[in-house]
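Asks: Below are the sequence and a predicted model for it; my questions follow.
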Amino acid sequence: MIKSKEFFAAFDQIMQERGLKQEEIISDMQEAMIPALKKVLGEGAQIRLELNFDKTTIRAFMFKEVVEDVEDWDRQISLEEANDEEIADPEFFMEKAKAKKAFKVGDIVENELNLKNFGRVFAITMKQVLSQKTKERARAHALEEINARADQIITARITKIERDTCYLEIPGSNLEGILNVRGQIPGQVHKEGDFLKVYVNPVSDDRRGEIYVTRSTPQFVRALFDLEVPEIGREEVIVKAIAREAGYRTKLCVYSETQGIDPIGSCVGNKGSRIQNVLAEIGPEKVDLIPWSEDPLEFIAAALSPSPVIRVEADEAEHRARVIVPNDKLSLAIGKGGMNVRLAAKLTGWKIDVKSEDKAAEEDASFSEEFTLGG
């Protein structure tokens, strides 16, 4: 038996700091102590622990079955030895309690271990295993808490920045969030001590302990609108689709079947307050709010906002559309580096080919001429 108030006081501190329960600590102690004891007594040894937090004591017992002929010395004991009052190994066992009656074949004999005599190697092994177990359990608890907030935005403080990677203190846990360059919005600069809104992805229990958060995904902007627009939470406004190139432009398609609800107006807010709050978080990025339509021609035309559209011609079999725009709006429709048309294609799921009015007329005339000659 070991009695140590300091030992159990340390456990109380661990339970408080890491949010663990007493039964979890007991389970971890068993997983730590029993393998350490087996290294001394034999891997087949059967061991039982008793932890008493009230009395601050730890007791360990090795038990064996009484048999006539011993075949497994780790698990069995002879009838003669079971009833012998002498201690088989006084170095490792406490003095035997006087038996109330003689043992018989089939009984289970328990002998208490003298834990004080198991030496420094046992103590170090137990401490290492227990420390690892409690860390793993504390991390599992924290991951459960983080995953309860998955697909949501949290506000975290930057504790340090190394090589453009931000390390954040995740509130309500002992975990550290990592916001790498890929997860950041191009053009934004952060410094230590800043509080950032970040999007939490579902986290698996990887042993490296790394939890990546992001501000660059479409889901981040979607979640910002969830925070700002209560109609989305009440499902009065439905987000049908979203496409984004972080730091440059986002297209958000919204829809409502609720009478009296304007989905675009709900996202903009009174005097633009709601969308301004979103833009303040992702600036200098722009946001196009797109009304959803069941008519693919209307949807595609709206998706090319802010460019006006003359007409849309669709090949539903190929899921391809040709969009004709005014001559002076071609560059606006395509966007810098093709971004506007690329985002419109992602938003709608259609392949989109944008043509100026003059270019479309030339192509139509050429097709008509080829058709006439061919005819």
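Replies: Right, received. Where do you want to start?
Asks: Quick one: distance of the helix or strand hosting Lys64 to the chain centre.
Replies: In this structure, Lys64 sits in strand 57-67 according to DSSP states H and E. Offset of strand 57-67 from its chain centre (Cα atoms, centre = their mean, to the nearest Å): 43 Å.
Asks: Output the contacting helices and strands for the longest helix out of those in the chain.
Replies: What stands out as the longest helix in the chain, according to DSSP state H, is helix 119-148. The helices and strands touching helix 119-148, judged by 3 or more Cβ pairs under 8 Å, 6 or more residues apart in numbering; DSSP states H and E, are helix 5-18, helix 22-41. No exception for glycine: its C-beta is placed from N, CA and C like everyone else's.
Asks: pLDDT weak spots in the protein?
Replies: 1-7, 10-11, 14, 17-19, 85-100, 118-123, 125-126, 204-209, 367-375 (pLDDT under 70).
Asks: hey, where'd the strands end up in the stretch 51-200 of the chain?
Replies: Taking DSSP state E, counting those that start in this stretch to define them, one finds strands in the stretch 51-200 of the chain at 57-67, 76-78, 108-112, 152-162, 165-169, 176-179, 195-200.
Asks: I'd like these written out as CSV, with mean neighbour count and distance to Ser307 added.
Replies: Putting the strands of the stretch 51-200 of the chain into CSV (neighbours: other Cβ atoms under 10 Å; distance: least, Cβ to Cβ, whole Å) gives the following:
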stretch, mean neighbour count, distance to Ser307
strand 57-67, 18, 75
strand 76-78, 19, 86
strand 108-112, 16, 84
strand 152-162, 15, 31
strand 165-169, 19, 36
strand 176-179, 20, 34
strand 195-200, 19, 30
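Asks: With respect to Ser266, which of these lies nearest?
Replies: Proximity to Ser266, assessed across these by Cβ to Cβ, is greatest for strand 152-162 (18.9 Å).
Asks: Show me what that closest one is in contact with.
Replies: Outside of strand 152-162, the residues within contact range by Cβ atoms under 8 Å, 6 or more residues apart in numbering are 166-171, 176-177, 190-200, 213, 220, 223-224, 226-227.
Asks: now stretch 175-187
Replies: With contacts defined as Cβ under 8 Å, 6+ apart, stretch 175-187 is touched by 139, 142-143, 146, 156, 159, 164-170, 190, 196, 198, 209-217, 246-248, 282, 284-285.
Asks: which of those residues are buried?
Replies: Buried by 16 or more other Cβ atoms under 10 Å: 139, 142-143, 146, 156, 166-168, 170, 190, 196, 198, 211, 213-217, 246-248, 282, 285, out of the contacts of stretch 175-187.
Asks: Glu231 is nearest to which of the helices and strands packed on helix 119-148?
Replies: helix 5-18 (40.4 Å).
Asks: picking that back up, could you check the angle helix 22-41 makes with the longest helix of the chain?
Replies: 150 degrees (axes from the mean of the first three to the mean of the last three Cα atoms, to 10 degrees).
Asks: follow-up on the earlier one: in a markdown table: the helices and strands packed on helix 119-148, plus distance to Val105 and mean neighbour count.
Replies: What follows is the helices and strands packed on helix 119-148, written out as a markdown table (distance: least, Cβ to Cβ, whole Å; neighbours: other Cβ atoms under 10 Å):
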| stretch | distance to Val105 | mean neighbour count |
| --- | --- | --- |
| helix 5-18 | 39 | 13 |
| helix 22-41 | 23 | 17 |
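Asks: To Ala150, which of those helices lies closest?
Replies: helix 5-18 (21.2 Å).
Asks: Give the pairing partners of the strand holding Lys64; include direction for each.
Replies: For strand 57-67, the paired strands and their directions (DSSP bridges) read strand 2-3 (antiparallel), strand 47-52 (antiparallel), strand 76-78 (parallel), strand 108-112 (antiparallel).
Asks: Domain ranges for the chain, per the record?
Replies: Domain segmentation of the chain under automatic domain parsing yields 2-142, 151-210, 217-292, 295-375.
Asks: okay if I get the helices and strands packed on helix 119-148 as JSON lines plus distance to Glu231?
Replies: JSON lines is the format used below for those (distance: least, Cβ to Cβ, whole Å):
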{"stretch": "helix 5-18", "distance to Glu231": "40"}
{"stretch": "helix 22-41", "distance to Glu231": "43"}
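Asks: Good, we can wrap up now.
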